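>>> kindly generate the corresponding structure for this input.
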Amino acid sequence: MIKYSLLKTAAAAALLGLSATAAQAEDVIRAVTFTPAQVSFAQNFQGFVDLVNERGAGIVQIQVIGGPETVPTERMGEAQKNGIVDMFLLPAGLYLNVVPEGEAFAGSNLDPMELRAAGGIDLVNEAFAAKGNAKVLAHVDGGGSFFLWTNQKPGIDEAGQLDLTGIRLRSSPLFRAFLEELGATSVVQNASDVYTSLERGVVQGTAYPVTGVRDFGWDKFLKYRINPGFFQTDVLISMNLDSWNALSDEAKEIVNQAAIDHEKSSYDANVAENESESKILADGGIENIELTGDQRKLFLETAYDIAWKRLQERDPTMHDALKAVFFKDL
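I've put the predicted structure just below:
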């Protein structure tokens, strides 16, 4: 795999007699996304790219070089750590093996702006820098949760909890333990493989945000959506730390402010998109199963407890500090 890095040059400065400042070319940041270009997460990221490229003309530019076809999703965390590419649109849950503290994003019940104001981004960046050689710039596409989507109607156990026994669900490292706690058989695979798995009956459903279900074409096979949503979407814009440090101060300011602005605008857009997509899916025949009362509370407590317990087991060093900032008691 080709190793990309930030490209900086003072092309022809000596020949032209220009000052180093005047002759310095734009910083070029090469980026990849965890979903293919047609999926809403990648499309939303393009809005951030456009914002940086507009504000950073002559100073800093972002080039999106591809998605999982460029760097396999399961290798993106290591690729970021090793500087294979400069910038990633990548959920924290897809590289918890590298930075287990990324669990805090899914385990949070604060929106991204509340989290930033509380110092959450600064705090978690201590772990991302030390373990992932990375810097988190923004928690984007907030305002959404993961939902269970199935083509079989789930049951309820004696304790009143949702019972997924006998149902095979596509999973990811982020929510595998939660699905297994509910009795499901977990099949870990990339989102790009789910369509074929649903088509062939390898799985009977998946867990995923509302946005993305139609993009991947899964609505053709799914019949039920279980509410409420659990966890929080944990999509991050992050950079290899060495690439970040190599940027000029002016470029850093442009990229950082664009990330903060996009964090808020993507949240607002995602809330609206979740509402519209939910209606389209319901109108298309997907039935909503609504957990209420004690059943709802038990479902959410189970999800959040698993997220924080998993961090505690993997590395308890920052568990208490992160939970105090990232989570408000239900």
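>>> make it CA atoms for all contacts and neighbour counts henceforth
Noted.
>>> can you give me the distance of residue 67 to residue 256?
With distances taken as Cα to Cα, to the nearest Å, residue 67 is found 22 Å from residue 256.
>>> ugh, wrong one, I meant residue 186
Counting by Cα to Cα - residue 186 and residue 256 are separated by 38 Å.
>>> residue 85 too?
18 Å.
>>> quick one: which of those two has more around it?
Regarding residue 85 and residue 256, a neighbour count based on other Cα atoms under 10 Å identifies residue 85 as having more, with 24 against 16.
>>> now do the SS call for that one.
Local secondary structure at residue 85 is given as coil here, using DSSP: H, G, I helix; E, B strand; the rest coil.
>>> that one against residue 33, yeah?
No: at 10.7 Å, residue 85 does not count as touching residue 33 under the criterion of Cα atoms under 8 Å.
>>> which stretches in the stretch 101-250 of the chain count as strands?
With DSSP state E, counting those that start in this stretch as the criterion, the stretch 101-250 of the chain has strands at 134-139, 146-150, 155-156, 162-163, 168-171, 185-188, 205-208, 224-230, 235-240.
>>> what does the last one contact?
Strand 235-240 has contacts (Cα atoms under 8 Å, 6 or more residues apart in numbering) with 80-83, 85-92, 133-142, 259.
>>> which of those count as buried?
A residue is treated as buried here by neighbour count (16 or more other Cα atoms under 10 Å); on that basis the buried members of those are 80-83, 85-92, 133-142, 259.
>>> check the contact between residue 45 and residue 87; I expect there is one.
No: no contact is recorded between residue 45 and residue 87 when judged using Cα under 8 Å, the distance being 11.3 Å.
>>> which residues touch the closest residue to residue 217 other than its chain neighbours?
If the residues on either side of it in the chain are set aside, residue 217 comes closest to residue 195, at 6.8 Å by Cα to Cα, 6 or more residues apart in numbering. With contacts taken as Cα under 8 Å, 6+ apart, residue 195 has the following neighbours: 216, 217, 218.
>>> which of those residues lies closest to residue 243?
Proximity of the contacts of residue 195 to residue 243, judged by Cα to Cα, is greatest for residue 216, which lies at 32.3 Å.
>>> so how far is residue 120 from the closest one?
Counting by Cα to Cα - residue 216 and residue 120 are separated by 32 Å.
>>> looks to me like residue 268 is in a helix.
Yes: assessed by three-state DSSP, residue 268 belongs to a helix.
>>> phi, psi of the residue lying closest to it once chain neighbours are set aside?
Ranked by Cα to Cα, 6+ apart and with sequence neighbours excluded, the top spatial neighbour of residue 268 is residue 143, at 7.5 Å. Per-residue torsions, residue 143: phi 80, psi 10 (degrees, to the nearest 10).
>>> isn't residue 143 up against residue 263?
No: using Cα under 8 Å, residue 143 is not in contact with residue 263; the gap is 10.6 Å.
>>> run a quick neighbour tally on residue 130.
Taking other Cα under 10 Å as the definition, residue 130 ends up with a neighbour count of 12.
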